[in-house]
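**Student:** A structural model of the following input is requested.
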Amino acid sequence: MSPLEFTTVVVAFAVYVWLVSQAGKQATDRTVFARPAAVAGGVLTIVAALLPWATFVLNDGPYPAKSTLQFFDAPFELGGFRAHLALFGIVALVFTFVRIPGRNRAIRGLGWGVGVISLVNVLFIAINGGGIGAVTAAEGSTAFAGFLGLIAGVLLVAAGSAGGIEPIPQWPTKLPTAVAFLVLLLSFAGLLWVVAETLTSGGLGGPSSPYAGPEFLSYLGFLVGLLGALYGIGLLRWISTLSEQHRVFSMIVLLLCAVALPFTDAGTDYWMTVAVNIGVYAATAIGLNIVVGLAGLLDIGYVAFLGIGAFVAAQLSGAASAKLAGPIGEVPFIIVLVICAVVAGIFGAIVGSPTLRVRGDYLAIVTLAFGEIFRKSAQENIGGLTGGANAVPNIPPISLFDQPFNEPISAGGVVLPSGVLYYFLIVLLIAVVMLVFANLKDSRIGRAWMAIREDEDAARAMGIKTGKAKILAFLVGATLAGMAGAVFAHKTSTVAYDSFQFLESVTLLAAVVLGGMGTIPGAVLGASLLFVLPEKLREFNEYRLMMFGLALVLIMRFRPQGLVPDRVRRAEFAGETATGESIEQVQEKAVVEHEQELAEAETGPGPAAPAGGGEGRARP
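**Tutor:** Numbering: from 1, shown residues only. Sure thing, here's the model as predicted:
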C-alpha cells in the first residue's frame with residue numbers, strides 16, 4: 001500500500017464516519033423516520049450479505065467469505081464478514097418490529113458495525129484491485145454489495161438516532177442464585193469465545209492468509225456492532241451488576257475461563273507467548289493503576305520497577321553470566337518472587353519519598369528521572385549486575401517436578417503448546433494481583449488514596465496523612481511490578497536494559513488510561529489491546545503503528561472515561577451515573593421529586609377517616 005493509497009483510506013474513513021454521525025444528528029426527533037429507515041437498513045444489510053463484493057479475483061487470490069463474483073455459486077453459504085452482516089440485518093429487523101427496551105441504542109450500534117465492516121472491505125478490495133471497478137463494475141461484471149452495506153450502515157444509525165436515545169434499560173437483578181450463576185457462566189463462556197476469536201481471526205498473515213488484515217478489521221467491526229447492541233439493550237450492564245453481586249463466583253469462573261484459553265484455537269506456541277507477555281504487562285499495569293488510578297500520582301518511569309524485578313530474578317536464577325550465580329547458586333522461584341517484590345518495593349518507597357514535596361508535573365519529572373537513571377545504570381552495567389550491552393542471557397526456565405515451563409505438556413490426551421505453564425503461572429499471578437488491588441481499593445487506605453487523587457489539600461484537612469499514603473502507593477505498586485518482572489525474566493530467558501525504555505512506561509500508562517483508571521478489568525483490557533492490536537495489524541507493515549495510533553485517538557475521543565470506567569470517571573467524563581442515566585436527568589428527577597414533596601407538605605395529609613367503621617370520606 002503506497003502512502004497515497006493509505007492517505008485515501010484514512011480520508012475515506014473520516015468522511016464516512018462524519019456522514020454517519022451527521023445522519024444521526026439530522027434524524028434526531030424525527031420518529032416518523034425511524035421505522036422506514038430501520039427496515040430499509042436491515043433489508044439492505046441482508047441483501048449485501050447475499051451479493052458478491054469483488055468483481056474479479058485479486059492478485060492475492062479470491063477474496064475471503066466466498067465474496068468474489070467468479071466463485072459466487074452458493075450465495076446462501078454465508079461465512080466470515082458476510083455471515084456477520086446477515087446476522088446484523090436480521091437482528092435489526094427484529095428490533096424494528098418487536099418493542100424491546102433500548103432498541104434505538106441497539107439499532108444504532110448495529111449500524112456502526114455494518115458501516116465499519118462494509119467500509120473495511122470496500123476500501124481493501126478497491127485498493128488491492130486497482131480501483132473502484134473492483135467493487136462496482138468491471139468487464140461486464142457487477143458487484144455492488146459493498147456500497148449497499150455502506151448505505152445500510154448510514155440508515156441504521158439514522159434510524160437508531162431518530163426520536164432521541166432513550167436511557168439504558170434496567171434489567172431485574174434480584175434473581176435466584178442458581179439462575180444468576182447460570183447467566184454468569186454463559187456470559188463468561190461467551191467472553192472466552194470472543195477472546196479466542198479475536199486472537200485467531202484472520203490468521204497470522206503471510207502467504208497462507210494474505211487477507212489477514214481486512215479479516216481482522218472486519219471482525220473488529222462485528223464486535224463494535226455486537227457490543228453496541230448488547231450495551232444498548234442493557235445486557236452488558238445487567239451482567240456487570242450480577243457479577244458484582246456474586247463477585248467471588250465471578251472471579252472463580254473468570255479464572256477457569258482464562259485457564260481454558262489454551263484448549264481453544266488460540267492454544268498455539270505463538271499466541272501463548274503473546275498471552276504471557278500480555279499477562280506480564282497487565283499485572284504491571286494493575287500495579288500502576290494503584291499509583292495513577294487510585295492515588296492520582298503521575299508516574300512515567302514505572303517500567304523501572306519491572307526492570308528491577310527482572311534483573312534481580314536474573315541474578316538469582318543461576319545463569320552463568322549472573323554475578324551472584326556462583327556464591328548463591330540457583331534459588332527456588334517462589335523465593336525469587338518474594339525477593340524481587342521486596343527489592344522493587346524498597347525502590348518504590350525511595351522513589352515515593354520526593355512526593356512529599358512535589359506534585360503534578362513536577363512529580364512526573366521526578367519519576368521520569370528515576371526511569372532514565374535506572375535505564376542508564378543498567379546500560380553502563382553499574383555494579384556488574386545488569387550485564388550492560390551484553391545483558392544477562394541464558395536464564396534457565398522455571399521448573400516444577402522436573403517439568404520445564406518452556407516445553408509442551410499433555411493434559412487429558414491433549415498436547416498443550418510450549419510456554420503454556422508460563423501462561424498458567426501469569427494467570428495465577430494476575431489473580432493474586434487483582435485480589436490485592438480489590439481489597440486495597442475497598443479498604444481505608446484505598447479511600448485515602450482516592451481522596452488524595454480528588455483533592456490532596458482537602459484530604460490533608462480531613463486528617464489523612466498524605467505523605468505516608470503516597471509513599472505506600474508507590475511501594476505497593478512497585479512490589480506488584482517486581483513480581484511481574486521475575487516472571488518476565490524467566491520467560492524471555494534474557495534480560496537487557498533496552499527492554500525497559502521510556503516508551504514502555506508510556507505504554508503502561510496508556511493501558512491504564514485507555515482501560516479506565518481505578519478499575520481492575522480496565523487495566524487488563526487496556527494492556528491486552530495495546531499488545532494484541534499491533535500484533536494483529538502486522539499485515540499493514542509500516543502503517544500499522546499509525547493505524548494503531550488513530551484507533552487510540554478515536555477511543556479517547558468517544559470514550560474519554562475509559563473502556564471500563566469506575567463511577568467517578570463515568571460521572572466526570574461521560575456525565576452518567578452508574579446506572580447509565582445522565583446527570584441532567586438525575587437532577588431533573590430530583591427537582592420534580594422535591595416539588596412534589598413541597599406540594600404534599602402544603603396540602604397536608606388530608607382528613608382522617610372516621611373511627612366508627614363506616615366508609616367515611618375519601619381522601620383528596
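**Student:** excluding sequence neighbours, find me the nearest residue to residue 298.
**Tutor:** Excluding the flanking residues, the one nearest residue 298 by CB to CB, 6 or more residues apart in numbering is residue 364, at 4.5 Å. For glycine as for every other residue, the C-beta is placed from the backbone atoms N, C-alpha and C.
**Student:** I meant residue 388, not that one.
**Tutor:** That would be residue 381: by CB to CB, 6+ apart, it lies 3.2 Å from residue 388.
**Student:** for the one you found, give me its contacts.
**Tutor:** 387, 388, 389 (CB atoms under 8 Å, 6 or more residues apart in numbering).
**Student:** if you tally nearby residues, what's the number for the second one?
**Tutor:** It refers to residue 388. 16 (other CB atoms under 10 Å).
**Student:** and the nearest residue to residue 138 once chain neighbours are set aside, how far from residue 147?
**Tutor:** Leaving aside its sequence neighbours, residue 138 sits nearest to residue 55 (CB to CB, 6+ apart; 4.4 Å). The gap separating residue 55 from residue 147 is 12 Å, by CB to CB, to the nearest Å.
**Student:** and for these two, which residues touch both?
**Tutor:** 135, 136.
**Student:** circling back: phi, psi of the residue nearest to residue 298?
**Tutor:** phi -60, psi -40 (degrees, to the nearest 10).
**Student:** and it, how far is that from residue 451?
**Tutor:** In terms of CB to CB, residue 364 sits 21 Å off from residue 451.
**Student:** ok, the residue nearest to the spatial centre of the chain - contacts?
**Tutor:** The centroid of the chain falls nearest to residue 525 when counting by CA atoms, centre = their mean (3.4 Å). The contact partners of residue 525, by CB under 8 Å, 6+ apart, come to 515, 516, 563, 564.
**Student:** and the last one, what helix or strand is that in?
**Tutor:** Following DSSP states H and E, one finds residue 564 outside all helices and strands.
**Student:** just checking, residue 408 touches residue 421?
**Tutor:** No - between residue 408 and residue 421 there is no contact, the gap being 9.5 Å when judged by CB atoms under 8 Å.
**Student:** so these two - more neighbours on which side?
**Tutor:** residue 421 (23 against 13).
**Student:** give me the pLDDT for the more buried one.
**Tutor:** In this prediction, residue 421 carries a pLDDT score of 90.
**Student:** which secondary structure element of the protein has the lowest mean pLDDT?
**Tutor:** helix 325-328 (a mean of 55; mean pLDDT, DSSP states H and E).
**Student:** on that earlier part again, which of residue 55 and residue 147 has more residues huddled nearby?
**Tutor:** residue 55 (22 against 17).
**Student:** let me know the pLDDT of the more buried one.
**Tutor:** For residue 55, the predicted pLDDT is 86.
**Student:** before we move on, what about residue 237?
**Tutor:** We note a pLDDT of 85 for residue 237 in this prediction.
**Student:** ok, the one 3 residues further on next?
**Tutor:** As summarised for this prediction, residue 240 has a pLDDT of 84.
**Student:** hang on, it is in a helix, isn't it?
**Tutor:** Yes - assigned with DSSP: H, G, I helix; E, B strand; the rest coil, residue 240 falls within a helix.
**Student:** from residue 284, how far out is it?
**Tutor:** In terms of CB to CB, residue 240 sits 25 Å off from residue 284.
**Student:** more crowded one of these two?
**Tutor:** residue 284 (30 against 15).
**Student:** kindly export the helix or strand where residue 522 lies (C-alpha atoms) in PDB.
**Tutor:** Using DSSP H and E, residue 522 maps to helix 520-536. Presented in PDB, the C-alpha positions along helix 520-536 are these (Å, rounded to 0.1, in the frame of the first residue of the first chain):
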ATOM      1  CA  ILE A 520      -9.100  -3.900  37.600                       C
ATOM      2  CA  PRO A 521     -10.700  -5.100  34.400                       C
ATOM      3  CA  GLY A 522      -9.800  -1.800  32.800                       C
ATOM      4  CA  ALA A 523      -6.000  -2.300  33.300                       C
ATOM      5  CA  VAL A 524      -6.200  -5.800  32.000                       C
ATOM      6  CA  LEU A 525      -8.300  -4.800  29.000                       C
ATOM      7  CA  GLY A 526      -6.100  -1.800  28.200                       C
ATOM      8  CA  ALA A 527      -2.900  -3.900  28.400                       C
ATOM      9  CA  SER A 528      -4.400  -6.600  26.200                       C
ATOM     10  CA  LEU A 529      -5.500  -4.100  23.500                       C
ATOM     11  CA  LEU A 530      -2.100  -2.300  23.500                       C
ATOM     12  CA  PHE A 531      -0.300  -5.600  22.800                       C
ATOM     13  CA  VAL A 532      -2.800  -7.500  20.700                       C
ATOM     14  CA  LEU A 533      -3.700  -4.800  18.200                       C
ATOM     15  CA  PRO A 534      -0.100  -4.200  17.000                       C
ATOM     16  CA  GLU A 535       0.400  -7.900  16.600                       C
ATOM     17  CA  LYS A 536      -2.800  -8.300  14.600                       C
END
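**Student:** just the strands in the stretch 1-150 of the chain please.
**Tutor:** For the stretch 1-150 of the chain, the strands defined by DSSP state E, counting those that start in this stretch occupy 137-138, 141-142.
**Student:** which of the ones you listed sits most buried?
**Tutor:** When the strands of the stretch 1-150 of the chain are scored by mean count of other CB atoms under 10 Å, the highest mean neighbour count falls to strand 137-138 (a mean of 16).
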